[in-house]
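Peer 1: Here is a sequence with its predicted model. Questions after.
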Amino acid sequence: MNNNTVVTACNQAYAWGVWLLVVSMRQHGMDEPVLVGTYDWSKEWLEDIERLPGVSTAALSTEDKRNLNCSKPVIMMKAESEVITWVDCDGIFSGNCSDKIFAENNQIYIRSRGPTEMQGLYHLKRSPNDPPDTILPKILEVWQRDVGERKEPLRLRSCSTCLISVQSSQLGFIERWHQQMLKVLPDDLLDVVNKDSVAYLQTDESVLNSLLCFAEDAPLVTENYRADRLEEGCFMHFTYGPKPWQMWNPYAIRFYDDTLDAVEFGIKSGWLPRAKLPYTLKRRNKLICQLLAPLARNVVRFKK
């Protein structure tokens, strides 16, 4: 799958996440080149990440002050391959998923949210007349106005942007995604969530979905997304905070053994960074990590 470049981007706070992601790929025989967009990384961390097989880095511009989630299309457009796949750097692969992260047939390979997920998405109140498993009409109204092309939406369910694969022929659409974010998101948006906007609460994700719904050149969304099937080997996404290199939370702790398998593979391969290995990534601390996990939400609230 060397004709597919995996890309990701982050500041140094997520450097351990990048390391875990790449090591898990190599552990399971995934040989895709990896391009990491970096923002404010130390020389030491850059050197250690670039020691991993097939990894290169590209410094991101400091001019755009928006949250780094908004840089997804920027780093995707820097890749030079037939297929480009964005993967969030707060997750690992539990098996060889090369054939599950590969866009084909001019479709965008991305996960559609299921009905249950749609009902609770954004924690917004629905009126009795709102369909329970689709994007809210008041959101669609804003998206249609801002995109200004199709009158009726191509789709009524949103997609998650933790993993996105496109063919190089679709990079024009990826550039549109970037330009639309510059158009509708505030210049000083530092958070992943835009609490001042119902339509763009999920920032980069909301903007991409607006285009998938109303842009004339929107690609079709694949119907056969398989990268989330645990029984087959999948992309395990460390949703919510804190992240495992900081503290395990109740959702992510179920991936503890897979994560520690990746850590130990990386150590055995001689790829351990010079930074001190967090206590949360040492297997002997599993019990304490399990006991502390229920407190994770309180820790996040305290930090905020």
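Peer 2: Done, it's in. Numbers count the residues shown, from 1 in each chain.

Peer 1: where's stretch 235-250 relative to the chain centroid, distance-wise?
Peer 2: For stretch 235-250, the separation from the chain centroid amounts to 13 Å (computed by Cα atoms, centre = their mean, to the nearest Å).

Peer 1: same thing with stretch 161-174?
Peer 2: Chain-centre distance of stretch 161-174: 13 Å, with Cα atoms, centre = their mean.

Peer 1: CA atoms only: put it into PDB for me.
Peer 2: Output in PDB follows, covering the C-alpha atoms of stretch 161-174 (Å, rounded to 0.1, in the frame of the first residue of the first chain):
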ATOM      1  CA  THR A 161     -13.300  13.000  10.500                       C
ATOM      2  CA  CYS A 162     -11.000  10.900  12.600                       C
ATOM      3  CA  LEU A 163     -10.100   8.900   9.400                       C
ATOM      4  CA  ILE A 164     -10.500  10.200   5.900                       C
ATOM      5  CA  SER A 165      -9.100   8.700   2.700                       C
ATOM      6  CA  VAL A 166      -9.300  10.300  -0.700                       C
ATOM      7  CA  GLN A 167      -7.700   9.800  -4.100                       C
ATOM      8  CA  SER A 168      -5.300  12.400  -5.300                       C
ATOM      9  CA  SER A 169      -7.900  13.400  -8.000                       C
ATOM     10  CA  GLN A 170     -10.100  14.600  -5.100                       C
ATOM     11  CA  LEU A 171      -7.600  17.100  -3.700                       C
ATOM     12  CA  GLY A 172      -9.500  19.900  -5.200                       C
ATOM     13  CA  PHE A 173     -12.400  19.100  -2.900                       C
ATOM     14  CA  ILE A 174      -9.900  18.900   0.000                       C
END
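
Peer 1: Okay, buried residues for it please.
Peer 2: 161, 162, 163, 164, 165, 166, 167, 168, 170, 173, 174 (16 or more other Cβ atoms under 10 Å). Yep, even glycine has a C-beta here, placed from its N, CA and C like the rest.

Peer 1: ok, those vs residue 15, which is closest?
Peer 2: residue 162 (18.4 Å; Cβ to Cβ).

Peer 1: correct me, but the closest one touches residue 87?
Peer 2: Yes: between residue 162 and residue 87 there is a contact at 7.4 Å, judged by Cβ atoms under 8 Å.

Peer 1: Spell out which residues are contacts of both of these two.
Peer 2: Residues touching both residue 162 and residue 87 (Cβ atoms under 8 Å, 6 or more residues apart in numbering): residue 235.

Peer 1: ok, back up a step: farthest-apart pair in the buried residues of stretch 161-174, please.
Peer 2: The most widely separated members of the buried residues of stretch 161-174, counting by Cβ to Cβ, are 162 and 168 (21.2 Å).

Peer 1: In contact with residue 101, which residues?
Peer 2: 4, 6, 85, 87, 109, 163, 165, 227, 235.

Peer 1: In a helix, the fifth one, correct?
Peer 2: Just to be clear, that refers to residue 109. No: assessed with DSSP: H, G, I helix; E, B strand; the rest coil, residue 109 is strand; it does not lie in a helix.

Peer 1: residues contacting the closest residue to it other than its chain neighbours?
Peer 2: For residue 109, ignoring the flanking residues on the chain, the nearest one in space by Cβ to Cβ, 6 or more residues apart in numbering is residue 165 at 3.7 Å. By Cβ under 8 Å, 6+ apart, the residues touching residue 165 are 4, 83, 84, 85, 86, 101, 102, 103, 108, 109, 110.

Peer 1: if I read this right, the second one contacts residue 105, doesn't it?
Peer 2: Right, the one you point to is residue 83. No: between residue 83 and residue 105 there is no contact under Cβ under 8 Å: 11.8 Å.

Peer 1: More neighbours: which of the two?
Peer 2: For residue 83 versus residue 105, the count of surrounding residues by other Cβ atoms under 10 Å is larger for residue 83: 21 against 9.

Peer 1: Mind pulling the model confidence for that one?
Peer 2: Looking at residue 83, its pLDDT is 97.

Peer 1: what pairs with it across the strands?
Peer 2: Applying DSSP bridges to residue 83 gives these bridge partners: residue 4, residue 167.

Peer 1: I'd assumed residue 38 was in a helix, is it?
Peer 2: No: Residue 38 is assigned strand when assessed by three-state DSSP, not a helix.

Peer 1: What number of residues are in the vicinity of it?
Peer 2: Neighbour count of residue 38, defined by other Cβ under 10 Å: 22.

Peer 1: helix, strand or coil for the closest residue to it other than its chain neighbours?
Peer 2: In space, and not counting its chain neighbours, residue 38 is closest to residue 57: 5.0 Å by Cβ to Cβ, 6+ apart. Per three-state DSSP, the secondary structure class of residue 57 is strand.
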